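> with the input below, show me the fold.
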Amino acid sequence: MIVVANRIPVAEGWEEAFEERFRHRAGQVESQPGFVRMEILRPKESEPYVVKTYWESEAAFRAWTESEDFRAAHADPPPREMFAGSNQMEIHEVALSQEPE
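Okay, here's the model as predicted:
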């Protein structure tokens, strides 16, 4: 499994609009083959938001980024002033995962 983390610095005052875009997004990532789950992490202080998607494989993630649903989801970009800087994307392979017994 892989985790794709997109660290997004949202400008002050734009937090609700940023979250709302994910609530009403165009491309439904949930229906993509290999998709496991998504989390939107709201910062507690001045850190960026983190959008995490979990995928069965990197190939499944890459297929999503090349899909029509992906293009539809990103066809209407938000205004530049929504962001306080550039986003940073990271891809991690899950090396260890533990859950309660």
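> and the lowest-mean-pLDDT helix or strand in the chain, how far out from the chain's middle?
The weakest-scoring helix or strand in the chain, judged by mean pLDDT, DSSP states H and E, is helix 68-73 (a mean of 87). From the chain centre to the centre of helix 68-73 is a distance of 14 Å (C-alpha atoms, centre = their mean, to the nearest Å).
> tell me the helix or strand right after that helix.
Next in sequence after helix 68-73, counting helices and strands by DSSP states H and E, comes strand 88-93.
> which phi and psi does the residue nearest the centre of the chain have?
With distances taken as C-alpha atoms, centre = their mean, the chain has residue 51 as the residue nearest its mean C-alpha position (3.5 Å). Residue 51 adopts backbone torsions of phi -100, psi 120, taken as degrees, to the nearest 10.
> make residue 1 into 37 and carry on from there
New numbering, starting at 37: the last item is residue 87.
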